[in-house]
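Trainee: Only the shape, not the letters, is given here:
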């Protein structure tokens, strides 16, 4: 029991470091899998009076109702309030992405309705390493390579990941003696993450998962530094004219800072722009040509001019 208490105290410190108010009540997203059940046990040991639990039933598998009932029984034994959130998932090509969006929307509604400051998920170091490798393979930029964030806003609440420094094996050791479930999609080779997980398992001992996860954390810090720098630059270098035109003085700025300023200004003035569209417009500006993004016209120069594009004939 002493070892369990020590782990629970480590968990409490990790979790409270992610909250603006260390006494805040939080929700736990628990699916019944070994990782999320370990999250439940650690939180129940560390802060039993500050937690509630929710299980999302996506309605995609017949077993889901039984898995939610398993979590409910574990919560009842631990004295933790539990809710089952039933969602409908749109049947689209990327059903995992659709399920994820539906899950987080339901968790936000539940947590805000219960007066909870945040929802904690059980993402851990192995998940982080998988994410980093997947995004490297897709040619992601710095923001993507920062991986799973330790905390991020979700509407009216925060999503926090207090287990990002923990290994999968250590978490599963905590729940070796209690019932858990294993979603078969986690080993389905049709999914990118499943294939990457298999690859990393084959490389076990030759690749340091903890160091890979640490790299993602360093990249996340670099991303935060860049975001801060962009905010400072925009305050001093961006001018909105009375006629609605926007001037961005980008002379002497690093290319990535200029790119991010343009991304922000285009998003604020029109709509969010995807990476390839932004890069194409940026290249045209660098070549001294105008560029059109959505309903906006961008003109090159020491100060880039952003204005509404003339109507097409």
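Mentor: Alright, I've got the coordinates. Predicted model only: the values in this text are computed from it and were never measured.
Trainee: list the contacts for residue 302?
Mentor: Each residue near residue 302 by Cβ atoms under 8 Å, 6 or more residues apart in numbering is listed here: 249, 250, 251. In this view, the C-beta of every residue, glycine as well, is placed from N, C-alpha and C.
Trainee: Is there a quick ChimeraX command that grabs whichever of those residues are buried?
Mentor: Buried members of the contacts of residue 302, defined by 16 or more other Cβ atoms under 10 Å, are picked up in ChimeraX with:
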select :249,250
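Trainee: I'd like the contacts of residue 302 as TSV, with secondary structure appended.
Mentor: Shown next, in TSV, are those (DSSP: H, G, I helix; E, B strand; the rest coil):
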residue	secondary structure
249	strand
250	coil
251	coil
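Trainee: would JSON lines of the contacts of residue 302 with distance to residue 57 and pLDDT be doable?
Mentor: Supplementary listing: these in JSON lines, determined by distance: Cβ to Cβ, whole Å; pLDDT from 0 to 100:
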{"residue": "249", "distance to residue 57": "53", "pLDDT": "96"}
{"residue": "250", "distance to residue 57": "50", "pLDDT": "94"}
{"residue": "251", "distance to residue 57": "55", "pLDDT": "93"}
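Trainee: ok, the contacts of residue 302 vs residue 289, which is closest?
Mentor: Of all the contacts of residue 302, the one sitting nearest residue 289 is residue 250; the distance, using Cβ to Cβ, is 15.8 Å.
Trainee: Phi, psi for the nearest residue to residue 258 once chain neighbours are set aside please.
Mentor: Counting by Cβ to Cβ, 6 or more residues apart in numbering, the nearest residue to residue 258 once its immediate chain neighbours are dropped is residue 250, at 4.4 Å. In terms of degrees, to the nearest 10, the main-chain angles of residue 250 are phi -110, psi 10.
Trainee: From residue 309, how far off is residue 250?
Mentor: Here the distance between residue 250 and residue 309 works out to 20 Å (Cβ to Cβ, to the nearest Å).
Trainee: Likewise for residue 300?
Mentor: When Cβ to Cβ is applied, the distance between residue 300 and residue 309 equals 15 Å.
Trainee: Can you check which helix is longest in this structure?
Mentor: If you go by DSSP state H, the chain has its longest helix at helix 209-237.
Trainee: Give me the helices and strands touching the helix or strand just after it, please.
Mentor: Remark: after helix 209-237, the chain's next helix or strand is strand 238-240, criterion DSSP states H and E. Counting contacts by 3 or more Cβ pairs under 8 Å, 6 or more residues apart in numbering; DSSP states H and E, the secondary-structure elements packed against strand 238-240 are strand 246-249.
Trainee: what does the strand it packs on rub up against?
Mentor: Identification of contacts with strand 246-249 by Cβ under 8 Å, 6+ apart yields 237-241, 258, 261-262, 265, 269, 302-307.
Trainee: If we go by neighbour counts, what in the longest helix of the chain is buried?
Mentor: Buried positions in helix 209-237, judged by neighbour count with 16+ other Cβ under 10 Å: 209, 212-217, 219-220, 223, 226, 230, 233-234, 237.
Trainee: do stretch 236-247 as well
Mentor: Buried positions in stretch 236-247, judged by neighbour count with 16+ other Cβ under 10 Å: 237, 238, 246, 247.
Trainee: where exactly do the strands run in this structure?
Mentor: Using DSSP state E, the strands found in the chain span residues 26-29, 51-57, 82-86, 118-120, 151-154, 157-160, 238-240, 246-249, 291-293, 296-299, 303-308.
Trainee: can you redo the ones you listed as JSON lines with distance to residue 38?
Mentor: Putting those into JSON lines (distance: least, Cβ to Cβ, whole Å) gives the following:
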{"stretch": "strand 26-29", "distance to residue 38": "11"}
{"stretch": "strand 51-57", "distance to residue 38": "13"}
{"stretch": "strand 82-86", "distance to residue 38": "16"}
{"stretch": "strand 118-120", "distance to residue 38": "12"}
{"stretch": "strand 151-154", "distance to residue 38": "19"}
{"stretch": "strand 157-160", "distance to residue 38": "16"}
{"stretch": "strand 238-240", "distance to residue 38": "47"}
{"stretch": "strand 246-249", "distance to residue 38": "48"}
{"stretch": "strand 291-293", "distance to residue 38": "46"}
{"stretch": "strand 296-299", "distance to residue 38": "48"}
{"stretch": "strand 303-308", "distance to residue 38": "49"}
